[in-house]
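K.L.:
Okay, here's the prediction I keep looking at, along with the sequence it came from:
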Amino acid sequence: MRRLLLLIVFSVVLAGCAVPHERGDLSLQKTAASKAEVTTVFKRYRAVRNTAIELLDPKPLSTVESGPVLAIDSGSFEVSQRLAQKQKQDTSPVEVTDVLTPNFTRYPLWFFAVVRDEGLGVNRVQIFEREAASDPWLLVASPETLTDTDVPGVRRGGGGQALTVKPDDKVGMSMSPQQAAKTYAAAIGSPSSAAAGKVANDSFIKQMRATATTNAGLKDVAFAQSWGADDVKYVLRTTDGGALAFVTLLRLDNYTVKDGLTITWPKGSPQEAFLSSGISSSGKLRYFHQVLLYIPPGSGKPRALGQYGGVVSADGQ
């Protein structure tokens with residue numbers, strides 16, 4: 001299970017970028033963001049995250065993260081606690097290469113950021129959201145892509161603001177972002193289904209199918225995997241007329257064991273942490289995967305450009 005590395009901002013490229021600010025009448029418009037304003041968000045995130053690591057306690061994360069990101073990272077901390085492992089604080093330099101915001105007329109506000117970590121060879125494509133003027137910015141999405149992955153540029157309006165796409169809008173694309181999320185989830189577990197023919201057979205799908213095949217091959221164990229898609233909230237129009245959708249996939253792994261047997265997990269694995277006594281009857285492992293889904297213009301098939309995920313809970317006997 002991958003662990004989210006923390007953010008240290010050494011340089012911020014903000015030419016033509018913006019962070020939304022509130023006005024008293026909530027009639028909001030894009031305003032220029034200073035380097036100090038954006039840097040503060042990332043520095044606060046780093047400080048709180050490092051405190052959580054020092055305490056080996058995910059509770060402080062709720063002040064800088066929300067939703068699936070918080071669930072995934074809390075799961076990571078639970079694994080560390082149960083296996084008596086320490087998490088390493090991140091002190092490697094990273095660079096925020098892009099910060100964009102849509103135009104807003106009411107809360108919540110959110111902004112888009114790309115954070116490059118050359119040491120790991122990844123970009124974290126992130127969404128920070130603010131529910132109200134008195135609330136802090138919280139990290140709500142953070143899929144990772146390889147640094148050499150070609151991510152389409154975001155289209156901007158005349159004032160430089162990022163343009164969004166409504167989740168149910170399919171204009172110029174083969175399907176809407178919400179349809180794409182549901183179709184993609186359905187395709188992962190059913191290679192011969194109609195849904196599978198509507199999305200690209202990308203590396204994430206191949207990886208998840210390979211994992212399911214391995215689990216299904218366990219002797220005297222019945223394995224079933226199901227997928228679902230959460231409601232899509234954050235979608236950006238790309239310069240080619242397509243869209244970038246931040247999609248949360250819900251994965252459930254079910255195991256049923258033959259009477260008289262017990263299955264156990266590799267030492268140090270997240271599964272072993274959550275189900276330390278193994279499974280002698282039945283068990284479930286729940287995962288969240290945050291996927292950056294690209295929906296090309298025209299008849300192009302949606303495909304994942306990156307993801308971030310892990311075990312968030314489990315039960316078994």
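P.N.:
Cool, the structure landed.
K.L.:
Let me know whether S313 touches F288 as I believe.
P.N.:
No. Counting by Cβ atoms under 8 Å, S313 stays clear of F288, with 9.7 Å between them. Heads up, the C-betas are built off the backbone N, CA and C, glycines and all.
K.L.:
Which one of those two is surrounded by more residues?
P.N.:
Between S313 and F288, F288 has the larger neighbour count (other Cβ atoms under 10 Å), namely 22 against 14.
K.L.:
quick one: the more buried one and L249, what's the gap?
P.N.:
The spacing between F288 and L249, counted by Cβ to Cβ, to the nearest Å, is 7 Å.
K.L.:
same thing with D90?
P.N.:
If you go by Cβ to Cβ, the gap between D90 and L249 works out to 26 Å.
K.L.:
what about those two, which has more around it?
P.N.:
Set D90 next to L249 and count neighbours by other Cβ under 10 Å: L249 wins out with 24 against 20.
K.L.:
Verify the stated contact: that one with Q225.
P.N.:
No. Contact criterion Cβ under 8 Å: L249 and Q225 do not qualify, at 11.6 Å.
K.L.:
Verify the stated contact: P302 with M175.
P.N.:
Yes. At 7.2 Å, P302 counts as touching M175 under the criterion of Cβ under 8 Å.
K.L.:
which residues do the two both contact?
P.N.:
T183, K198, I295 (Cβ atoms under 8 Å, 6 or more residues apart in numbering).
K.L.:
What residues does the first one make contact with?
P.N.:
To tie it back to what came earlier, the one meant is T183. M175, A195, K198, V199, P302.
K.L.:
quick one: common contacting residues for F288 and L249?
P.N.:
With contacts taken as Cβ under 8 Å, 6+ apart, F288 and L249 have G309 as neighbours in common.
K.L.:
Tell me the buried residues in the helix or strand hosting V38?
P.N.:
For V38, the host element (DSSP states H and E) is helix 35-55. Using 16 or more other Cβ atoms under 10 Å as the test for burial, helix 35-55 gives 37-39, 41-42, 45-46, 48-53.
K.L.:
can you put those in JSON lines and add distance to F274 and pLDDT?
P.N.:
Putting the buried residues of helix 35-55 into JSON lines (distance: Cβ to Cβ, whole Å; pLDDT from 0 to 100) gives the following:
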{"residue": "E37", "distance to F274": "40", "pLDDT": "67"}
{"residue": "V38", "distance to F274": "37", "pLDDT": "70"}
{"residue": "T39", "distance to F274": "37", "pLDDT": "75"}
{"residue": "V41", "distance to F274": "32", "pLDDT": "88"}
{"residue": "F42", "distance to F274": "31", "pLDDT": "84"}
{"residue": "Y45", "distance to F274": "26", "pLDDT": "89"}
{"residue": "R46", "distance to F274": "28", "pLDDT": "86"}
{"residue": "V48", "distance to F274": "25", "pLDDT": "92"}
{"residue": "R49", "distance to F274": "22", "pLDDT": "88"}
{"residue": "N50", "distance to F274": "25", "pLDDT": "88"}
{"residue": "T51", "distance to F274": "25", "pLDDT": "91"}
{"residue": "A52", "distance to F274": "19", "pLDDT": "90"}
{"residue": "I53", "distance to F274": "20", "pLDDT": "88"}
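K.L.:
I'd like the distance between the closest residue to M175 other than its chain neighbours and L261.
P.N.:
Take M175 and drop its neighbours on the chain: the residue closest to it by Cβ to Cβ, 6 or more residues apart in numbering is T183, 6.5 Å away. T183 sits 37 Å away from L261, going by Cβ to Cβ.
K.L.:
What of F111?
P.N.:
For F111, the distance to L261 (Cβ to Cβ) stands at 51 Å.
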